[in-house]
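Trainee: Sequence below, structure please.
(chains A and B)
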Amino acid sequence: QKEVEQNSGPLSVPEGAIASLNCTYSDRVSQSFFWYRQYSGKSPELIMSIYSNGDKEDGRFTAQLNKASQYVSLLIRDSQPSDSATYLCAVKTRGSTLGRLYFGRGTQLTVWP
Amino acid sequence: DAGVTQSPTHLIKTRGQQVTLRCSPKSGHDTVSWYQQALGQGPQFIFQYYEEEERQRGNFPDRFSGHQFPNYSSELNVNALLLGDSALYLCASSHRGVNTGELFFGEGSRLTVL
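Mentor: Presented below is the predicted three-dimensional model:
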């Protein structure tokens, strides 16, 4: 059973703060890692993907991957109220296609003004 | 360029009934994956279709079946509906030959079983 666990939340941060979202996964052959943002009642949208150990930065977002610890995180700098959403961690294992992802249950983030 | 489109957006059924959900993939994509997202949970993989055949399946009973048409669009059928089938059903599209990048999701079909 491939499991993806996320910190339970909900997470509440003030505007301008750094929000830190964490995710662990059980399958060591996991290959690709994704963070999706999902607004209430909407579909998930990809905000970051990361494939190798280390950090990957895109604007205010930084994804961090540590395959030895089976851990992936997402930092959101200068958080804005528009960042309030549920963040889903997703994993693709080696040998599976892009269409088959394993998702965590999500962490709900609220950014208050 | 139209993204992934799904229909209907909302529907209400009663226990024991059957439902069909439809999905058109993003232009240029040939692979359709279906996910079930219960309230407060992450999406769970149901199955994937390409070349009009089911290629991978998650841990869902046979009551869940699907189909893919020559134009790559797809249907998800659920028979003998249970209360627990109430969820957001998401369709995602990709290209079979691409194993990295973005999986594109439709807006979903919200099914309520009474």
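Trainee: if we look at the sheet, which residues does the residue nearest in space to the middle of chain B bridge to?
Mentor: With distances taken as Cα atoms, centre = their mean, chain B has B:Trp34 as the residue nearest its mean C-alpha position (3.1 Å). For B:Trp34, the beta-bridge partners are B:Phe47, B:Cys91 (DSSP bridges).
Trainee: cool, and A:Tyr36?
Mentor: A:Tyr36 has these beta-bridge partners by DSSP bridges: A:Leu46, A:Leu88.
Trainee: beta partners for the closest residue in space to B:His67 that isn't next to it in sequence?
Mentor: Distances taken as Cβ to Cβ, 6 or more residues apart in numbering or on different chains put B:Glu75 closest to B:His67, at 4.8 Å, once the chain neighbours are dropped. Backbone N, C-alpha and C define where each C-beta goes, glycine included. For B:Glu75, the beta-bridge partners are B:Arg22, B:His67 (DSSP bridges).
Trainee: wait, isn't B:Glu75 in contact with B:Gly66?
Mentor: Yes - using Cβ atoms under 8 Å, B:Glu75 is in contact with B:Gly66, at 6.1 Å.
Trainee: between the two, who's got more neighbours?
Mentor: A count of neighbours by other Cβ atoms under 10 Å in any protein chain shown puts B:Gly66 above the other of B:Glu75 and B:Gly66, at 21 against 17.
Trainee: Could you check how far that one is from B:Tyr49?
Mentor: 6 Å (Cβ to Cβ, to the nearest Å).
Trainee: Mind listing the shared neighbours of these two?
Mentor: Here B:Gly66 and B:Tyr49 have B:Ser74 as joint contacts, going by Cβ atoms under 8 Å, 6 or more residues apart in numbering or on different chains.
Trainee: Could you tell me how many residues sit around B:Tyr89?
Mentor: B:Tyr89 has 24 neighbouring residues, counting by other Cβ under 10 Å.
Trainee: do the same with A:Cys23
Mentor: A:Cys23 has 27 nearby residues by other Cβ under 10 Å.
Trainee: can you pull up the bridge partners for it?
Mentor: Under DSSP bridges, the beta-bridge partners of A:Cys23 are A:Gln6, A:Val72.
Trainee: wait, it sits on A:Gln70?
Mentor: No - contact between A:Cys23 and A:Gln70 fails when scored by Cβ under 8 Å: they sit 9.4 Å apart.
Trainee: Please name the nearest non-neighbouring residue to B:Asp85.
Mentor: Distances taken as Cβ to Cβ, 6+ apart place B:Val113 nearest to B:Asp85, at 5.2 Å, with adjacent residues excluded.
Trainee: If that neighbour is in a bridge, with which residues?
Mentor: B:Lys13.
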